[in-house]
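Q: The sequence and its predicted three-dimensional model are supplied below.
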Amino acid sequence: MDEKHNIIGLITYHAAYNYGSVLQAYATQSTITDMGHDVTVIDYRPLEGERYYERLYWRGLGLKSSLADLTMLPVAGLRKKRMRNFERFISTNIHVGQRRYQEPEELNSLADAFDVAVSGSDQIINKHSNELERVDWKYMDPYLLKWANCRKISYASSPATMTDDELRRIGPALVEFSALSARERSACGKLRQVSGKYVEHVCDPTLLLNAGEWEERIPLRKSQHVPEQYLLFYSLLRPKRAVGVFRQLRELSRRVGLPVAVLTPQAGNVPKCDELVNVLEAGPEEFLSLVKYAEGVVTDSYHGTLFSINFHKPFWVYTEGTKEHELGTRRGQILQEVQFADRIITDFSEVDCTDTSQTIDFCNADIALDIMRSRSKRYLHDALS
């Protein structure tokens, strides 16, 4: 008997100018489509999210944030190009619905539009995310699928730093879901406690596709803006920290004999010098290419870590804290699951230029990822059927 073909409405952070957000939306859409369903990504873009991502300056986040943004005046052109690259990727690769929604009540028009509504992934149920921190709780309601009359499921949604009291506020909405899942093991227990329902532990959507599948679906041409060989540094650090980090990166470049492609979206005014190459304009497609062709990746980013593992790149996860503390973060949790906790560093001097994809054993990581993928796809298949 043929599997039932369902009309799926997917809601997530699909339009944040953040590599992990857009690429997880794409991967979720692709995986569900591969299962034979018809997926539409709901174009919910509240004004707060637009203000945070689309304004270059004076985003209403306070004086310190505004002053930090002003340090990037010299690279305003690169930032605008980056925004265009994101929108190009979204319009080309994500099947977004025809109507855009800014207010939660507007989604009530979709109440009977789908067979199944899917919420996730990313921090869409985290009140402290960039999109939800400064607005009323009602702006989370669309992600909690309060508008939908159909079957409701979640995929890898993360409450991140929500307190127990805050989580209790969303518990009644979660009770209405027929299937719940989370990408962090710690989140599974918290969501189970407030919903009274079993919560499946699943992988981040970007891991649902292996490196070969990413390359089949998105053309990853090498950028003409980077040298033939380079290290990639991808970080979400802010300008105040960046000054010292850029100095250390120059020293790292001289030590390993390779230029460093620097991707720091929140601190994009990279010094112009032989050792560093500013790749601030990169959109999601360019980001994947930068990872694929790098000799190695140094990152403090969760998704920078995931794509490095997935693409079998020599990588180092940089933290300014202790290694013990890092093991408790979402980066540390995935590193332990794939047996790569030894890739955590606290100083750039720990970057070993003799590491290559041949000297690093990815076999155990691949086995762990295959198990995660299989379990996660099985959850999605059963929840959607």
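A: Structure received. None of these values were measured; they are calculated from a predicted model.

Q: For the chain, name the helix or strand with the lowest mean pLDDT.
A: helix 63-70 (a mean of 70; mean pLDDT, DSSP states H and E).

Q: Can you pull the poorly scored residue ranges out of the stretch 251-385 of the chain?
A: Residue ranges of the stretch 251-385 of the chain with pLDDT under 70: 356-358.

Q: Tell me where it has helices.
A: Assigned by DSSP state H, counting those that start in this stretch, the helices in the stretch 251-385 of the chain fall at 284-293, 302-310, 323-326, 330-337, 363-384.

Q: export the shortest one as CSV, just CAs?
A: It stands for helix 323-326. The C-alpha trace of helix 323-326 is given here as CSV (Å, rounded to 0.1, in the frame of the first residue of the first chain):
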residue,chain,number,x,y,z
LYS,A,323,36.9,22.6,28.5
GLU,A,324,34.8,21.2,31.4
HIS,A,325,32.3,24.0,31.0
GLU,A,326,32.2,23.6,27.2
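
Q: Give me the contact list for that helix.
A: Val317, Thr319, Gly332, Ile344, Thr346 (C-beta atoms under 8 Å, 6 or more residues apart in numbering). Yep, even glycine has a C-beta here, placed from its N, CA and C like the rest.

Q: what comes up buried for the helix or strand Arg241 falls within?
A: Using DSSP states H and E, Arg241 sits in helix 239-256. Residues of helix 239-256 classed as buried: Pro239, Ala242, Val245, Phe246, Leu249, Arg250, Leu252, Ser253, Val256 (neighbour count, 16 or more other C-beta atoms under 10 Å).

Q: Emit the ChimeraX select command for whichever of the contacts of helix 323-326 are buried.
A: The buried residues among the contacts of helix 323-326 can be selected in ChimeraX (16+ other C-beta under 10 Å) with this line:
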select :317,319,332,344
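
Q: hang on, the earlier thing: among the helices of the stretch 251-385 of the chain, which comes closest to Leu144?
A: With C-beta to C-beta, the closest approach to Leu144 among the helices of the stretch 251-385 of the chain belongs to helix 363-384: 16.4 Å.

Q: and the angle for the closest one with helix 330-337?
A: 110 degrees (axes from the mean of the first three to the mean of the last three C-alpha atoms, to 10 degrees).

Q: on contacts alone, who are the packing partners of helix 363-384?
A: helix 19-34, strand 116-119, strand 180-182, strand 199-201, helix 302-310 (3 or more C-beta pairs under 8 Å, 6 or more residues apart in numbering; DSSP states H and E).

Q: Same list (the ones you listed) but as TSV, adding distance to His225.
A: Listed next are these as TSV, based on distance: least, C-beta to C-beta, whole Å:
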stretch	distance to His225
helix 19-34	17
strand 116-119	36
strand 180-182	38
strand 199-201	39
helix 302-310	19
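
Q: Among the ones you listed, which comes closest to Tyr230?
A: helix 302-310 (14.3 Å).

Q: Now that closest one - C-alpha only, PDB.
A: Extracted in PDB, the C-alpha atoms of helix 302-310 (Å, rounded to 0.1, in the frame of the first residue of the first chain):
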ATOM      1  CA  TYR A 302      27.200  25.100  17.100                       C
ATOM      2  CA  HIS A 303      26.400  24.800  13.400                       C
ATOM      3  CA  GLY A 304      30.100  25.500  12.500                       C
ATOM      4  CA  THR A 305      30.900  22.500  14.500                       C
ATOM      5  CA  LEU A 306      28.200  20.300  13.000                       C
ATOM      6  CA  PHE A 307      29.100  21.100   9.400                       C
ATOM      7  CA  SER A 308      32.800  20.600  10.100                       C
ATOM      8  CA  ILE A 309      32.100  17.100  11.400                       C
ATOM      9  CA  ASN A 310      29.600  16.300   8.600                       C
END
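
Q: Show me what the helix or strand following the least confident helix or strand of the chain packs onto, helices and strands only.
A: Next helix or strand after helix 63-70 toward the C-terminus (DSSP H and E): helix 76-93. Other elements packing on helix 76-93 under the criterion 3+ C-beta pairs under 8 Å, 6+ apart are helix 19-34, helix 284-293.
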